[in-house]
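> Sequence unavailable; structure follows:
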Ligand code: FBP
């Protein structure tokens, strides 16, 4: 196989484990902590998880390994969007499993949870796994978005597990996948299958975190990758001095990625969806906010700038949410055919005008025509508008342009506005994991096996103290039920891990808030440069600004 020089080097990199896991498998013992309670709705969660609720949190320590000698046959699944480091979770799991007993077996179910249901798997060997050490991507077994959530699916999973003598399943996924891991763990316990389930916290979006999980893996590498290119663009903007760059960054719902990139690069503007929602900002208010920065900078002779737009922002604009709901209603059922049969956009526009409330029509009317058409063309299988496909970077630059035209006409602005658009998302999801993610993920996988070996079920692999050097990291496990509360989802009350949105009273946002007024007017850009894999630890092993600020560093 032809591999790049960097990949060749990275295959040799030895990920760092937490100090307490460094003394060899035979010297890892368990320290049990307190019994746990769910973060809210304790009675309901306890009733739904009678076999797995209330278990103790645990940490691993140096000491005699007292786990039962038993052959382990483990299945691993990668679930959802790619996140750098996923391969290392698998290699860490494999190494701990083989170091414990060379006869242990690791299966990888292919293409996400559907691989388990379809009994589509590979058995890992040294030769196969060694090609993937410290590399990005999920191509080691593939990923998928099938949800494991119904009793029928659980019964199939139990059958497949029985067929192969599987003793444990490791699910590497986000908040939804780990919620489902907890439900599967409860099912296996209730049906006395003897199969354990362990989860690992993954997502570049950074929205699977709570008082136990300091961050999900992949967030570090993805945000460093985006920050590198945003910094490069800032430097280009400051060199050419002629473009305003509107940069959308991934993060389906929460704005952690946008905020971290802003902390790393100090752009002129960064929208935070959670703030937009809290302040009930309208599209027009957001456009004015950006236009103010454009005007102030133009007045100082700077007709250039950089604005970061979080992918999910439009869904946090209350009036836009209402508009989407009305459009979904307008095209429900047979009305979609009636609409699609109309020959011209003018006819369609008249249909829309008749169907929307005046308030929503006013919002619709200010959208650029390409976005208006996108709202009606790109629909999911249920006929709903696919908000994630809306090019919000273009939407906001068009709205800002309209504001600037008005200001020009009023004589309050006399600059030049040439916008350019970018979307950074997929570029960061499969990057070579940073040293942090390579170490963190390997530790998560290694630790997941220790949880299996000690018989835990329905636990999330937990590595904490992450802002410190790896030898000070703390390895252990937390019952997933501890992280759960009841939420209304698709018309039903469900037990779920709460999605962590950006906290407006949290330290990362507060830092940003304290500086953004200056950044909006000045050119205060910072250029993080590319991820460094080799060199001084002060450059290679640093984690995110978000984590450092959260830890008060
Ligand atoms: P996960 O929540 O599964 O980790 O995925 C998050 C994400 O990377 C988002 O940032 C993005 O909106 C979405 O996946 C894109 O999904 P897809 O890969 O299906 O296009």
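Received the coordinates, thanks. These numbers were taken from a predicted model, which means no experiment stands behind them.

> buried set for the helix or strand containing residue 485?
Under the criterion of DSSP states H and E, residue 485 resides in strand 484-489. Neighbour-count burial for strand 484-489 flags 484, 485, 486, 487 (criterion: 16 or more other C-beta atoms under 10 Å). Using the backbone N, CA and C atoms, a C-beta is placed for each residue, glycine as well.

> Apart from its neighbours in sequence, what residue is nearest the last one?
For residue 487, the nearest residue in space outside its immediate sequence neighbours is residue 496; the separation is 5.1 Å by C-beta to C-beta, 6 or more residues apart in numbering.

> Please verify my assumption that that neighbour contacts residue 488.
No: at 9.9 Å, residue 496 does not count as touching residue 488 under the criterion of C-beta atoms under 8 Å.

> Around the ligand, which positions in the stretch 1-150 of the chain sit nearby?
Along the stretch 1-150 of the chain, the residues adjacent to the ligand under the rule C-beta under 6 Å from any ligand atom are 80, 81, 83.

> Would you convert those residues into JSON lines that also reports pLDDT and secondary structure?
Formatted as JSON lines, those follow (pLDDT from 0 to 100; DSSP: H, G, I helix; E, B strand; the rest coil):
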{"residue": "80", "pLDDT": "95", "secondary structure": "coil"}
{"residue": "81", "pLDDT": "95", "secondary structure": "coil"}
{"residue": "83", "pLDDT": "98", "secondary structure": "coil"}
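
> For these, pick the one with the most neighbours.
Counting neighbours by other C-beta atoms under 10 Å, residue 83 leads these with 35 neighbours.

> what's that one in contact with, if anything?
In this structure, residue 83 makes contact with 202, 203, 204, 216, 217, 218, 219, 222, 429, judged by C-beta atoms under 8 Å, 6 or more residues apart in numbering.

> wait, what's in contact with the last one?
The neighbours of residue 429, taking C-beta under 8 Å, 6+ apart as the test, are 81, 82, 83, 84, 136, 204, 218, 222, 250.

> if you set the cut-off to 7 Å instead, what comes out?
Shown in contact with residue 429 (C-beta atoms under 7 Å, 6 or more residues apart in numbering): 81, 82, 83, 84, 204, 222.

> for the fifth one, same thing?
When contacts are counted by C-beta under 7 Å, 6+ apart, residue 217 touches 83, 85, 201, 202, 437, 440, 441, 444.

> Distance-wise, check the residue nearest to residue 487 relative to the ligand.
With distances taken as C-beta to the nearest ligand atom, to the nearest Å, residue 496 is found 14 Å from the ligand.

> pLDDT wise, what is that residue at?
Note on residue 496: pLDDT of 96.

> Looking at strand pairing, list the partners for it.
Counting by DSSP bridges, residue 496 is bridged to residue 485.

> Isn't it up against residue 483?
No: between residue 496 and residue 483 there is no contact under C-beta atoms under 7 Å: 9.2 Å.

> Give me the more crowded residue out of these two.
residue 483 (26 against 20).

> Would you mind measuring from the more buried one to the ligand?
Counting by C-beta to the nearest ligand atom, the gap from residue 483 to the ligand is 16 Å.

> Now for the residue nearest to that residue when sequence neighbours are not counted, how many residues are close by?
Using C-beta to C-beta, 6+ apart and skipping residues adjacent in sequence, the residue nearest residue 483 is residue 497, 4.7 Å away. Residues near residue 497, counting by other C-beta under 10 Å, number 29.

> give the contact list for residue 497.
Residue 497 sits in contact with 175, 178, 179, 208, 480, 483, 484, where contact means C-beta under 7 Å, 6+ apart.

> So which of the contacts of residue 83 sit within helices?
The helices, defined by DSSP state H, take in 219, 222, 429 from those.

> now the first one: how far from the ligand?
When distance is defined by C-beta to the nearest ligand atom, residue 219 is 10 Å away from the ligand.

> give me the element residue 327 is part of.
helix 318-330.

> Kindly report the same for residue 231.
Applying DSSP H and E as the criterion places residue 231 in helix 219-240.

> Quick check: which helices or strands does that helix pack against?
If contacts are counted by 3 or more C-beta pairs under 7 Å, 6 or more residues apart in numbering; DSSP states H and E, helix 219-240 sits against strand 244-249, helix 256-265, strand 305-310, helix 426-429, helix 435-453.

> For the helix or strand following the longest one, enumerate the helices and strands it packs against.
Scanning forward in sequence from helix 435-453, with DSSP H and E defining helices and strands, the next element found is strand 459-464. For strand 459-464, the helices and strands in contact under the criterion 3+ C-beta pairs under 7 Å, 6+ apart are strand 196-201, helix 435-453, strand 474-479.
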